[in-house]
Structures are given as C-alpha cells and as structure tokens.
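Asker: Pasting a predicted model and its sequence here:
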Amino acid sequence: MQYNVYGIGNALLDIQYDVDYDFLTKNQLAKGLMSYVTHNEQEAILEKLGRNNVRQISSGGSVANSMVVMSQFGAKCFFSCRIANDSAGDEYYQDMKNAKLNSNFDNTQRPEGFTGRCIVKVTPDADRTMSTYLGTSIELCEDQLNLEALTQSEYLYIEGYLTTSPSAMKAVKKAISVAKENNVKIAITLSDPDIVTHFRAQFHELIDQGVDLIFCNEKEAMDFTETNNLQEAEEKLKQYTKTFVVTIGPRGSIVFDGQRLITVTATEEQPIDTLGAGDMYAGAFLYAITNGYSWENAGRLANLTSSKVVTMFGPRVSKAHTEELVKTLSAILTEAA
C-alpha cells in the first residue's frame with residue numbers, strides 16, 4: 001500500500017476568538033455547535049468580534065486536522081479537498097506540504113474563488129461554537145478525487161460534514177464505490193450532532209452501503225441511531241458498521257473492535273480549548289490501527305492525543321507532541337507489563 005489513509009473533507013481556515021457566554025446569547029449562536037453561515041453573515045460576526053482580536057489562525061477542517069496529525073505520527077496520507085487560488089488557499093496548501101501531506105492539488109491548478117473559513121468562538125469552559133462559511137469547499141466534487149491514490153490506500157476516511165453538499169455526496173459515493181471494488185476499508189466520522197440530525201438521510205445513503213469504522217461522540221451515536229442511551233446506541237451501531245469508536249468526553253472512549261467493547265479511560269487534564277479533540281482522536285486512532293497497534297492501544301494513544309490538544313489553544317498537536325505521545329504510551333505499556 002502506498003498510503004495508510006486517503007481522506008476527503010472540507011478545507012477551512014480556522015480563525016479563533018475568546019468570547020464570553022453573553023456574546024453567544026446576544027448573537028443567537030447555539031453554544032457548542034457548528035452552524036453554516038453565508039459569507040455576509042460571517043463577515044458580520046467578524047465585525048462584532050473585532051478583526052484585531054484574533055487569537056489564532058490555522059488551516060483546518062475536521063478530516064484535514066486528522067490527516068495532518070496522522071502524517072505527523074508517521075503515517076503516509078493523501079487528502080482530497082477544494083481550496084481556492086487566493087491567499088488563504090496559499091496558506092492552506094503550504095500547511096499541507098509542511099505536514100508532508102499529499103493532496104489533489106499537487107498537480108492541479110486551484111480554482112478562482114474564496115477558500116472556506118470557520119470562525120471559532122471559545123468560551124471560558126473551553127467549549128467551542130463555530131460559524132462556518134464553506135467557500136469553494138461547497139463545490140467539492142468528483143474532480144477532486146485521485147482514484148489511483150485511493151486504490152493504493154488501506155483506509156478511505158470520510159468527513160460527515162460533506163453530507164450537506166450534493167456535489168460532495170456524489171464524490172463520496174464514487175469514492176466508496178471505488179474503495180469497495182479495491183478492498184479499501186471505509187471509515188466515516190459523524191462530525192457533529194446538528195449535522196447528524198438534519199442530514200440523517202444523507203448519512204444513511206453512505207453508511208447503509210456498509211462501512212468498516214464509524215467515529216462519533218456519545219450524542220452523535222444516539223442521534224444517528226435514534227436511541228435514548230449509549231448502551232442502546234452501541235448495539236444499534238453494530239447493524240451499520242463492522243467496528244466503531246464512541247468518544248465519551250473526560251471518561252475516555254469506547255472501542256468496538258468487531259468482537260468486543262473496550263472501555264479506554266482518559267487521562268485527567270484541565271481543558272482550556274476543546275477545539276480539535278475529536279479530530280485528534282480519529283487521526284491518532286487511524287494512525288495506530290494502520291501501523292500495528294492493537295485496537296485497545298490505538299484507543300489509548302488516541303485518548304492521550306485528544307487529552308493533549310485540549311490543554312492548548314488550537315486544533316492540532318505538533319510533530320514534537322506526537323513523538324512525546326508515542327513515548328508516553330510505550331512507557332505506560334511497559335509499566336503495565
């Protein structure tokens with residue numbers, strides 16, 4: 001295999017601000033959720049936040065964040081996305097190259113337009129509320145697929161947010177078809193509770209074809225399966241996928257390896273920013289299961305990684321952090337032996 005993971009997702013420039021709870025209330029922003037906005041609506045939010053009060057700007061997008069951390073751990077990855085031929089697109093593309101992440105734009109000219117942006121409002125409890133303008137990402141389509149790279153990958157990893165775009169749905173369906181024809185395993189993240197609720201039919205169009213791995217948090221699991229508790233959700237998820245992972249916040253995660261449910265406890269950390277925790281978990285987990293780790297130890301590395309990212313500002317851990325996290329897990333396993 002040339003690649004451990006082939007990912008497809010939105011490419012967004014993350015712009016982060018600290019806000020108080022009143023800001024969310026006054027602007028009718030649903031705390032802790034991601035909402036899609038128009039370019040003008042996003043500009044209005046930026047004006048209220050103050051353009052000189054930006055805490056951090058970084059390239060992002062859910063699967064993009066996961067792909068970058070996989071690459072930092074040492075996995076070989078390919079990411080399909082859509083970015084524009086603008087300054088934000090320049091910054092985004094350079095960030096991918098710095099992370100040694102191959103992409104569909106390595107040999108293709110970027111289109112005119114605006115690269116997508118995500119305005120992230122972080123409240124004092126470290127929760128984040130996002131206002132997303134997809135920009136040119138909304139037009140992601142089959143043209144952005146590199147089918148040769150896909151057929152040379154162990155896993156196809158799909159971003160659940162793509163269910164909101166008809167052209168992206170066509171691209172994902174094509175990718176799933178090619179993956180199945182070439183024995184490439186299929187993983188998908190449910191992405192966000194609000195997306196699961198409003199685009200459940202689209203999720204079923206993809207997942208009902210049969211997938212190998214679902215990533216979700218506790219609420220997403222219950223919303224997708226339309227159940228009232230986690231135990232019911234776990235049993236119903238088994239009808240849709242061979243394996244799954246449910247993150248359960250500070251309690252850690254539940255890993256189903258196809259035969260047994262494994263509860264993996266989290267390390268105790270004081271969060272200052274939860275942005276990227278789920279993305280880091282998925283990235284670390286996919287790196288681990290495609291590089292010889294057991295599923296339980298993959299969950300341990302993923303928990304360590306997501307626990308690390310919530311102690312800092314920004315959606316991703318660094319290359320130095322990934323090296324430290326592998327050493328930490330090795331020490332834990334040696335001590336337990």
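Answerer: Cool, got the structure.

Asker: Okay, helices next: where are they in the stretch 51-200 of the chain?
Answerer: In the stretch 51-200 of the chain, the helices defined using DSSP state H, counting those that start in this stretch lie at 62-73, 87-98, 147-151, 166-181, 193-198, 200-207.

Asker: which secondary structure elements does the shortest one contact?
Answerer: Counting contacts by 3 or more CB pairs under 8 Å, 6 or more residues apart in numbering; DSSP states H and E, helix 147-151 packs against strand 3-8, helix 166-181. Quick note: C-beta positions are derived from backbone N, CA and C, even for glycine.

Asker: Please apply the same query to the fourth one.
Answerer: Using 3+ CB pairs under 8 Å, 6+ apart as the contact criterion, the neighbours of helix 166-181 among helices and strands are strand 3-8, helix 147-151, strand 153-159, strand 185-189, helix 200-207.

Asker: export the ones you listed to CSV and tack on distance to Met130?
Answerer: Listed next are the helices and strands packed on helix 166-181 as CSV, based on distance: least, CB to CB, whole Å:
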stretch, distance to Met130
strand 3-8, 20
helix 147-151, 29
strand 153-159, 14
strand 185-189, 15
helix 200-207, 19
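
Asker: for those, which one sits closest to Leu134?
Answerer: Nearest of these to Leu134, taken as CB to CB: strand 153-159 at 11.7 Å.

Asker: Parallel or antiparallel, list what pairs with the closest one.
Answerer: Sheet pairing of strand 153-159 (DSSP bridges) gives strand 3-8 (parallel), strand 185-189 (parallel).

Asker: now for the helices and strands packed on helix 166-181, which one comes closest to Ser137?
Answerer: Of these, nearest to Ser137 by CB to CB is strand 153-159, at 10.1 Å.

Asker: Contacts for that closest one, please.
Answerer: 1-10, 61-63, 66-67, 78, 150, 172, 175-176, 179, 184-189, 191, 206, 212-213, 282, 286, 290 (CB atoms under 8 Å, 6 or more residues apart in numbering).

Asker: which among those residues end up buried?
Answerer: 3-10, 61-63, 66-67, 78, 150, 172, 175-176, 179, 184-189, 191, 206, 212-213, 282, 286, 290 (16 or more other CB atoms under 10 Å).

Asker: mind putting the strands paired with strand 153-159 in CSV, distance to His39 included?
Answerer: Formatted as CSV, the strands paired with strand 153-159 follow (distance: least, CB to CB, whole Å):
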stretch, distance to His39
strand 3-8, 24
strand 185-189, 26
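
Asker: nearest to Ala168, of the ones you listed?
Answerer: Of all those, it is strand 3-8 that lies closest to Ala168, at 8.1 Å by CB to CB.

Asker: Relative to the whole chain's centre, how far out is that closest one?
Answerer: 13 Å (CA atoms, centre = their mean, to the nearest Å).

Asker: Can you give the strand pairings for the helix or strand following it, parallel or anti for each?
Answerer: For strand 3-8, the following helix or strand on the C-terminal side (DSSP states H and E) is strand 12-18. Partner strands for strand 12-18, per DSSP bridges, with pairing direction: strand 56-60 (antiparallel), strand 115-122 (parallel).

Asker: which residue is nearest the middle of this structure?
Answerer: Ser62 (3.0 Å; CA atoms, centre = their mean).

Asker: okay but that one is in contact with Gly9, surely?
Answerer: Yes. Contact criterion CB atoms under 8 Å: Ser62 and Gly9 qualify, at 6.0 Å.

Asker: Pull up the overlap in contacts between the two.
Answerer: With CB under 8 Å, 6+ apart, Ser62 and Gly9 have common neighbours 159, 161.

Asker: helices and strands around whichever helix or strand Leu333 is part of, which ones?
Answerer: Using DSSP H and E, Leu333 sits in helix 319-336. The contact analysis (3+ CB pairs under 8 Å, 6+ apart) places helix 319-336 against helix 62-73, helix 295-309.

Asker: Most tightly packed of those?
Answerer: Mean neighbours per residue, mean count of other CB atoms under 10 Å, is largest over the helices and strands packed on helix 319-336 for helix 62-73, with a mean of 28.
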